[in-house]
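[1] build me a model:
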Amino acid sequence: MIGIVGIILIGLVVLLLVVVALFVIGKYNGLVTLRNRFKNAFAQIDVQLKRRYDLIPNLVETAKGYLRHERETLENVIKARNVAYTAAQSAAANPGDAAAVKGLMSAEAGLGGALSRLMVVAEQYPDLKANQNMMQLTEELTSTENKISFARQAYNDSVMVYNTAREVFPTNIITGMFNFAAAELFVVEKAEQREALKVQF
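    This next block holds a predicted model:
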């Protein structure tokens, strides 16, 4: 027969197990919430990137009539757009995949460079600069670039909160138990690419 001391000890052990289980559940749910927040923040970047990818072919098509001798520049913009679009689809499928996000950052850097070269070349064609359609497209593209910058900042803030939460003790124990991988910040590698693409005529 178990004495009163045994019943109290069993009760304390059960209470301790319940407290530990509630702690683990709370931390797990907190990590899931933070992971979902950074994935949602990435979805906002994805929306703006898709808008940009839709604008670029129109921009190139408008410029094509004026830039007949700049075929290579136009082709490079389209190639860079297609690479970035594919990388964005891969990253959007799993924003938690650090390799996919790094691939998108690299592709976006290439696209930014190609667009910058197009803008430099377009500056040399006054008729193109005066084209109403071109002016409207560049205005839309500039607005989209600004929205991408804001969405990228919101994503990076969410990633930082998530990564910090998964690395602090004792949450890092739960992180290891349930395989919460670190998220990748959306950063620009080269200093000259840190500025938003300037689209002006």
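[2] for the protein, give me the ranges with low pLDDT.
    1, 188-201 (pLDDT under 70).
[3] how about a cut-off of 50?
    Scanning the chain for pLDDT under 50 picks out 191-201.
[4] so which residues of this structure form helices?
    Counting by DSSP state H, one finds helices in the chain at the ranges 4-64, 71-93, 98-122, 126-130, 132-167, 171-178.
[5] tell me which of those sits most buried.
    Comparing the helices of the chain on average neighbours per residue, with mean count of other CB atoms under 10 Å, the densest one is helix 98-122 at a mean of 19. Where C-beta positions appear, they are placed from N, C-alpha and C, glycine not excepted.
[6] give me the angle between it and helix 4-64.
    Angle, helix 98-122 to helix 4-64, by axes from the mean of the first three to the mean of the last three CA atoms, to 10 degrees: 20 degrees.
[7] which strands and helices sit next to helix 98-122?
    If contacts are counted by 3 or more CB pairs under 8 Å, 6 or more residues apart in numbering; DSSP states H and E, helix 98-122 sits against helix 4-64, helix 71-93.
[8] go again using 10 Å as the cut-off
    helix 4-64, helix 71-93, helix 126-130, helix 132-167 (3 or more CB pairs under 10 Å, 6 or more residues apart in numbering; DSSP states H and E).
[9] most centrally placed residue in this protein?
    With distances taken as CA atoms, centre = their mean, F42 lies nearest the centre of the chain, 4.5 Å away.
[10] wait, what's in contact with that one?
    88, 91-92, 94-96, 101, 104, 151-152, 154-155, 158-159, 183-184, 186 (CB atoms under 10 Å, 6 or more residues apart in numbering).
[11] CA-only coordinates of stretch 150-163 in PDB, if you can.
    C-alpha atoms of stretch 150-163 as PDB (Å, rounded to 0.1, in the frame of the first residue of the first chain):
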ATOM      1  CA  PHE A 150       9.600  47.400 -47.900                       C
ATOM      2  CA  ALA A 151       8.500  43.700 -48.200                       C
ATOM      3  CA  ARG A 152      12.100  42.600 -48.000                       C
ATOM      4  CA  GLN A 153      12.600  44.600 -44.800                       C
ATOM      5  CA  ALA A 154       9.500  43.100 -43.300                       C
ATOM      6  CA  TYR A 155      10.600  39.600 -44.200                       C
ATOM      7  CA  ASN A 156      14.100  40.200 -42.800                       C
ATOM      8  CA  ASP A 157      12.500  41.400 -39.500                       C
ATOM      9  CA  SER A 158      10.400  38.300 -39.300                       C
ATOM     10  CA  VAL A 159      13.300  36.100 -40.000                       C
ATOM     11  CA  MET A 160      15.400  37.700 -37.400                       C
ATOM     12  CA  VAL A 161      12.700  37.300 -34.700                       C
ATOM     13  CA  TYR A 162      12.300  33.600 -35.700                       C
ATOM     14  CA  ASN A 163      16.000  32.900 -35.800                       C
END
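[12] residues making contact with it?
    For stretch 150-163, using CB under 10 Å, 6+ apart, the contacting residues are 30-31, 33-49, 95-96, 101, 105, 108, 175, 180-188, 196.
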